[in-house]
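Chemist: Below: sequence and its predicted model.
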Amino acid sequence: MRAWTSAAAAVAVTAALMVAPTTTASAAACSAKPIQTALDGLKKVGLPGIVLTVQSPDCGRWKGGVGKSDVESGRAITGDEHSRIGSDTKTWTAVVVLQLVAEGKISLNETVDHYLPGLIRTARYDGRKITIRQLLQQTSGLPDYLDSPFWEDDQAHRWEHFDPIQTVKQALSLAPPDRAPSGFAYSNTNYNLAGMVVTKVTGRGIGTELTERIIKPLCLDETYWPGDETTIDEPDLRSYTDGVDTTEWNVSEADASGELISTGADTTKFWTSLLGGKLLPAALLTEMKKTVLDDGGEGYGLGLQRYELTPNFPTWGHSGGMASGHDFRNAVTEDGKRSVTVFIDTADYSKAQSDRIDAIVGALVRDIR
């Protein structure tokens with residue numbers, strides 16, 4: 001837990017599923033059958049450990065999971081684990097940018113060059129033709145710095161510190177990415193640039209702005225910006241790459257595109273607060289939800305993904321994955337009242353396993369009440 005909060009009492013977990021004392025919902029109104037069905041399905045996926053967090057009006061917030069949070073020690077999943085949330089950080093960054101839009105400090109239709117003059121001026125890329133909206137919506141045409149040959153062996157740079165400007169310069173040396181017909185091309189560079197714009201207009205790093213504008217106001221006591229910390233607060237979800245524990249990692253290069261560490265409960269509170277209209281004025285939340293087709297045929301807004309994990313049942317969220325091996329999935333209903341969040345302790349799994357997890361998450365968020 002971060003230093004600005006008081007210590008919370010430890011909660012003993014005696015089952016794979018538990019109800020957190022965060023709801024006044026009637027126990028009689030809640031059917032846990034969809035959650036148990038999901039847990040049974042996740043067990044069959046065959047991964048070391050999966051953390052599951054569910055929230056709904058009748059059931060309140062449930063947390064639990066399947067498998068081990070630490071394979072070596074045999075520590076079982078409880079639902080309280082901290083994990084890297086990867087690119088889900090993009091949504092948090094987009095909220096900060098849009099809050100600054102509401103304050104008149106940033107304009108979505110202003111150019112990157114206006115805030116960071118001269119930074120993007122190459123034969124291929126021109127910051128005078130790229131807007132803040134395009135950064136957030138992944139339509140800037142900038143390549144992903146992770147496509148640089150420098151990152152082909154990412155473990156070689158596991159302990160190194162990187163400033164966001166270094167990642168931007170890596171991206172500017174690359175050829176333009178393949179773009180969807182809508183102009184969409186997913187790029188972590190866009191969000192590291194967005195974080196740099198935030199720093200330019202506020203004088204404070206994106207990690208500080210996230211903390212002051214989102215984490216503290218929502219009392220997300222288990223969420224934090226790690227900086228150069230390579231460990232994760234306990235209880236931690238260990239992560240594995242090719243069967244090796246790769247939990248410890250300096251993820252500073254991810255910056256505004258993917259650096260946050262959180263828990264299932266905290267990320268759930270963030271997402272339900274966002275879609276429930278508590279973090280942005282209604283007009284800007286509407287702007288956030290204006291999507292273009294991404295390269296998978298789903299919708300991407302301003303740091304939001306709109307997808308149908310279950311046919312004809314659209315939800316919102318943002319997935320995330322890290323070189324360390326942590327993986328993140330979530331799905332939240334339009335009104336923010338039902339939410340399913342999954343932390344996975346390895347990125348080593350097949351498309352069939354990935355599709356199975358998505359189907360389980362989609363069915364659960366549809367069926368829980």
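Modeler: Perfect, I can see it now.

Chemist: Tell me who's in contact with Ala282.
Modeler: Taking CB atoms under 8 Å, 6 or more residues apart in numbering, we find Ala282 in contact with no residue. Every C-beta, even on glycine, is put in place using the N, C-alpha and C of the backbone.

Chemist: and what of Val71?
Modeler: Counting by CB under 8 Å, 6+ apart, Val71 has contacts 48-49, 238, 240, 245.

Chemist: What pLDDT does the model give it?
Modeler: For Val71, the model assigns a pLDDT of 96.

Chemist: Next: Ala347.
Modeler: 89.

Chemist: Isn't it up against Asp242?
Modeler: No. Proximity of Ala347 to Asp242 does not meet the contact threshold set by CB atoms under 8 Å, at 10.0 Å.

Chemist: ok, back up a step: now the buried members of the contacts of Val71.
Modeler: For those, a neighbour count by 16 or more other CB atoms under 10 Å gives the buried set as 48-49, 238, 240.

Chemist: Ala347 and Asp242 - which one has more neighbours?
Modeler: Legend: neighbour count by other CB atoms under 10 Å for Ala347 and Asp242, higher for Ala347 (19 against 10).

Chemist: And that one, how far from Gly325?
Modeler: 5 Å (CB to CB, to the nearest Å).

Chemist: Spit out the residues that contact those two alike.
Modeler: Joint contacts of Ala347 and Gly325 (CB under 8 Å, 6+ apart) are Thr241.

Chemist: Could you check the pLDDT of Asp80?
Modeler: So, for Asp80, pLDDT stands at 98.

Chemist: Enumerate every residue touching the residue lying closest to it once chain neighbours are set aside.
Modeler: In this structure, Asp80 finds its nearest non-sequential neighbour in Pro235, 5.5 Å apart by CB to CB, 6 or more residues apart in numbering. By CB under 8 Å, 6+ apart, the contact list for Pro235 reads 69, 75, 78, 80-82.

Chemist: Just flag the most distant two among these.
Modeler: Spatial extent of the contacts of Pro235 (CB to CB) is set by the pair Arg75 and His82 at 13.1 Å.

Chemist: Mind putting the contacts of Pro235 into a markdown table with secondary structure and distance to Gly362?
Modeler: Formatted as a markdown table, those follow (DSSP: H, G, I helix; E, B strand; the rest coil; distance: CB to CB, whole Å):
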| residue | secondary structure | distance to Gly362 |
| --- | --- | --- |
| Ser69 | strand | 24 |
| Arg75 | strand | 29 |
| Thr78 | coil | 24 |
| Asp80 | coil | 25 |
| Glu81 | coil | 23 |
| His82 | strand | 25 |
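
Chemist: same for the helix or strand where Thr89 lies, what does it pack against?
Modeler: Using DSSP states H and E, Thr89 sits in helix 89-102. Where contact means 3 or more CB pairs under 8 Å, 6 or more residues apart in numbering; DSSP states H and E, helix 89-102 is packed against helix 132-137, helix 188-202, helix 206-210, helix 255-258, helix 264-275, helix 282-288.
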